[in-house]
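Student: Sharing a model that was predicted from the sequence below.
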Number of protein chains: 2
Amino acid sequence: MPRWKPDAVERLHTAALELFDEQGFERTTVAEIAQRAGLTPRSFFNHFADKREVLFGLSAELQRELVREIEEGDDTTPPLDAVVRAMGVVADKMFESRRALVTRRLAVVAANPELQERELGKNAALTDAIAAALQDRGCTPDTALLAAGAAMLAQQAAFRTWAQPGETRPLRDLLPAALHALRATVTS
Amino acid sequence: MPRWKPDAVERLHTAALELFDEQGFERTTVAEIAQRAGLTPRSFFNHFADKREVLFGLSAELQRELVREIEEGDDTTPPLDAVVRAMGVVADKMFESRRALVTRRLAVVAANPELQERELGKNAALTDAIAAALQDRGCTPDTALLAAGAAMLAQQAAFRTWAQPGETRPLRDLLPAALHALRATVTS
């Protein structure tokens, strides 16, 4: 077995979610996660600083992909639309094929205050990264922060619909309706 | 000296901010904070669970006042305007007389990741409380969450201006411009 496996992060992420779902976050150990993923605890710690962090295994990739999409997008698109468009592209790439996993992850995070706290921190970092990408496109700092924050509100609304039992539409198709609802709320 | 002082929370809050500012959050002990406030460590723990919590001494009152203002406001005002109006009233009541203190607090929180994390948690709880108050006024859950999130974006933008060195306008007067900037960003 080679020491480094390209899918180790994904396997640890999946194993952790299965175990958190089955027996709870608190009662699951790193050793159990590693075992279910067919890896050693040592290789767990090669990828993640602690047990919480395994649930945020996709967040660095999400941030990188989203920033790249925003930077590569059409310069003439208004900032909020540019971010929401990029979110749709990244959702197709990263979330659609893992729908059950991502939905389960949302439930695990919602059930644990410690995890919610880290989720808020990751979302704040993502918002800052989006705002920085918008500033690189020429937005003022104020507009960049408002557009990034508004895009996160639309994404969270779309996520809430996407994660409903029985909902089958891709996240990308739910984002325009969420953006429309945000616009209606902000302008009414 | 009476055992219970009505201004103990305010004195501990001020003492903590002065010490965090002078010598840093990490190097300040609860005993030092209590001493500067003229109280015992025991009375510190009567009011706050830990050293971080003293910085959030106003957050329960802020949430209570804001929810009350929203619930007492005119029913026909659109939700986002209703929340921003309430924020202005509460800002006059709670922040204007403590401008130096609140500004110093923002700097202390911004300098410490642990404090930032708790601030994000408090803001999320405040957003949920605002959304619940809007639902009580008849908003759908989706609209309530979007309006609450948008109001928080406007408030944070107004706070950033308010906390600038040399800025003298009250927060209440900065909120309409922040709301206008949010509307322009979201609709462009």
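Tutor: Yep, it's here.
Student: can we go C-alpha only for contacts and neighbour counts from here?
Tutor: Fine.
Student: what does chain A put close to chain B?
Tutor: Residues of chain A lying close to chain B by Cα under 8 Å from any Cα of the partner chain are A:78-80, A:117-118, A:120-121, A:142-143, A:146-147, A:149-150, A:153-154, A:157, A:181-183, A:185-188.
Student: run the last query once more with 6 Å
Tutor: Within chain A, no position lies close to chain B (Cα under 6 Å from any Cα of the partner chain).
Student: Spatially, what comes nearest to the most centrally placed residue in chain A if we skip its sequence neighbours?
Tutor: Nearest to the geometric centre of chain A sits residue A:59, at 5.3 Å (Cα atoms, centre = their mean). The shortest distance from residue A:59 to any non-neighbouring residue, by Cα to Cα, 6 or more residues apart in numbering or on different chains, is to residue A:122 (7.3 Å).
Student: Tell me, how many residues neighbour that neighbour?
Tutor: When neighbours are defined as other Cα atoms under 10 Å in any protein chain shown, residue A:122 has 17 of them.
Student: what about it, which helix or strand?
Tutor: Element membership of residue A:122 [criterion: DSSP states H and E] is helix A:113-136.
Student: So for stretch A:82-100, what gets flagged as buried?
Tutor: Buried residues in stretch A:82-100, counted by 16 or more other Cα atoms under 10 Å in any protein chain shown: A:82-88, A:90-91, A:94-96, A:99.
Student: Other residues contacting it?
Tutor: Applying Cα atoms under 6 Å, 6 or more residues apart in numbering or on different chains, the set of residues contacting stretch A:82-100 from outside is A:69, A:70, A:172.
Student: Those in helices, which ones?
Tutor: A:69, A:70, A:172 (DSSP state H).
Student: can you redo these as a markdown table with neighbour count and pLDDT?
Tutor: Listed next are the ones in helices among the contacts of stretch A:82-100 as a markdown table, based on neighbours: other Cα atoms under 10 Å in any protein chain shown; pLDDT from 0 to 100:
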| residue | neighbour count | pLDDT |
| --- | --- | --- |
| A:69 | 20 | 96 |
| A:70 | 23 | 96 |
| A:172 | 23 | 96 |
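Student: returning to what we had before: just the pLDDT for the residue nearest to residue A:59.
Tutor: Residue A:122 carries a pLDDT value of 93.
Student: cool, residue A:160 as well?
Tutor: Taking residue A:160 on its own, its pLDDT is 92.
Student: Report how many residues lie close to it.
Tutor: Using other Cα under 10 Å, residue A:160 has 15 other residues around it.
Student: before we move on, what about residue A:163?
Tutor: When counting by other Cα under 10 Å, one arrives at 18 neighbours for residue A:163.
Student: what sits against it?
Tutor: Residues in contact with residue A:163 (Cα under 6 Å, 6+ apart) are residue A:103.
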